[in-house]
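# Return a 3D structure for these sequence lines:
(one chain, ligands or ions: 1)
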Amino acid sequence: MTAKLLDGKQIASEIRGELTRDVAAFVERCGIRPTLVAILVGDFAPSEVYVRNKERACQQVGIRSQVHRRGPETSEPDLLHLIEQLNQDRDVHGILVQLPLPRQIRESRVLDAIAPLKDVDAFHPENVGLIAQGRPRYLPCTPHGISQLLHRAGIKTRGKHAVIVGRSDIVGKPMSLMLMNRNSSVGPDGANATVTVCHTQTADLASVTRRADLLIAAIGRPKFITAEMVKPGAVVVDVGINRIASGLVGDVDFEAVKEVAGYLTPVPGGVGPLTVTMLLYNTLEAARRQIGDAADSAALRDAG
Ligand code: GUN
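I've put the predicted structure just below:
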């Protein structure tokens with residue numbers, strides 16, 4: 001068998017087209033341009049690349065973006081002060097602090113300080129709690145992108161066994177909640193899975209992953225998921241972006257797994273383009289919520 005590729009680039013471009021129209025309509029109706037501020041602390045090279053991609057993507061759909069750069073020695077109080085200023089600024093709708101942060105800064109203090117309505121990453125405990133209760137305000141960008149990717153490829157999760165490898169706050173945990181919930185941004189067919197979450201302490205990992213109808217790899221280890229770990233015909237979503245000597249690879253051994261899986265996301269060009277796209281979606285949603293725009297959201301909700 002050779003897996004069908006899930007083309008994240010194509011689907012991201014489709015959603016960005018919809019967002020471009022939605023942003024233009026919002027600006028026309030409300031006279032306000034959605035604005036995202038990214039904060040980049042330190043000199044971690046991959047973060048530079050991510051933030052630049054986010055700026056470019058904002059520009060593409062008509063969202064205003066600003067980047068605040070701070071040096072590697074920045075103190076926690078200084079960063080909290082900047083966030084407080086942005087929280088108070090009515091012209092800023094979304095605030096994103098690029099992770100990781102330098103060691104002297106406690107990530108939880110910083111993420112907790114972002115006003116929940118401006119938290120376009122959906123990392124604030126209030127927003128995480130709302131997801132856990134099945135009434136999300138914002139969805140975190142990577143899991144939301146995966147939901148969109150599956151939905152637009154015609155893949156339903158209802159009644160399926162979803163196995164997530166990795167329990168991070170950014171991907172594994174929220175993805176498990178979203179798949180477990182009764183409903184999703186794309187309707188009940190994109191939720192209602194039976195969910196298993198695996199991690200470093202899971203015994204006999206392969207015996208668990210082999211039972212997955214939907215396998216989501218979010219581990220951060222190159223080519224960790226091998227063909228023997230995949231049930232024939234399974235949908236395999238690779239969230240990893242790992243730089244090795246030969247270039248960028250995912251958490252899935254692509255060449256081997258594509259012979260077993262039914263569907264597979266490539267790296268690059270799979271989940272990555274959707275993550276940035278859903279950040280744009282959240283920024284428009286944040287602007288709507290902050291000005292109390294009645295026109296209830298967007299093309300994506302209707303897609304359900
Ligand atoms: N670093 C790696 N992924 C992310 C993300 O989704 N959001 C932020 N803010 N930082 C990250």
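
# All the helices of the chain, residue numbers only.
Shown for the chain, the helices assigned by DSSP state H span residues 8-30, 45-61, 76-88, 107-113, 125-132, 141-152, 172-180, 205-209, 254-257, 272-291, 299-302.

# Tell me the residues of the protein that contact the ligand?
For the chain, the residues found near the ligand under the criterion CB under 6 Å from any ligand atom are 96-99, 121, 141, 170. From N, CA and C alone the C-beta is placed, and that goes for glycine too.

# Among the residues you listed, which pair sits farthest apart?
Pairwise distances across those peak at 13.6 Å for Val97 and Cys141 (criterion: CB to CB).

# what is in contact with the two at once?
By CB atoms under 8 Å, 6 or more residues apart in numbering, Val97 and Cys141 have these common neighbours: Asp121.

# wait, what's in contact with the residue of the stretch 201-304 of the chain found nearest the ligand?
Closest contact between the stretch 201-304 of the chain and the ligand, by CB to the nearest ligand atom, is at Thr275 (6.2 Å). By CB under 8 Å, 6+ apart, the contact list for Thr275 reads 141-142, 145.

# coming back round to it: which of the residues of the chain next to the ligand lies closest to Leu36?
Checking these one by one against Leu36 (CB to CB), the nearest turns out to be Leu96, at 6.6 Å.

# Around the closest one, how many other residues sit close by?
For Leu96, the neighbour count with other CB atoms under 10 Å is 25.

# Now it. Nearest residue, chain neighbours left out?
Nearest residue to Leu96 in three dimensions, chain neighbours excluded: Ala38, at 4.8 Å (CB to CB, 6 or more residues apart in numbering).

# Who is the one you found paired with across the strands?
When assigned by DSSP bridges, Ala38 has beta-bridge partners Val67, Leu96.

# doesn't Ile63 make contact with it?
No - between Ala38 and Ile63 there is no contact, the gap being 11.5 Å when judged by CB atoms under 8 Å.

# out of the two, which sits in the busier spot?
Ile63 (26 against 23).

# distance of that one from Ile39?
Plainly put, Ile63 is 16 Å away from Ile39 if you go by CB to CB, to the nearest Å.

# what's the answer for Arg211, then?
Arg211 sits 41 Å away from Ile39, going by CB to CB.

# could you pull out the strands for the stretch 151-300 of the chain?
Using DSSP state E, counting those that start in this stretch, the strands of the stretch 151-300 of the chain run over residues 161-165, 194-198, 214-217, 235-238, 242-244, 247-249, 263-264.

# Nothing else from me, thank you.
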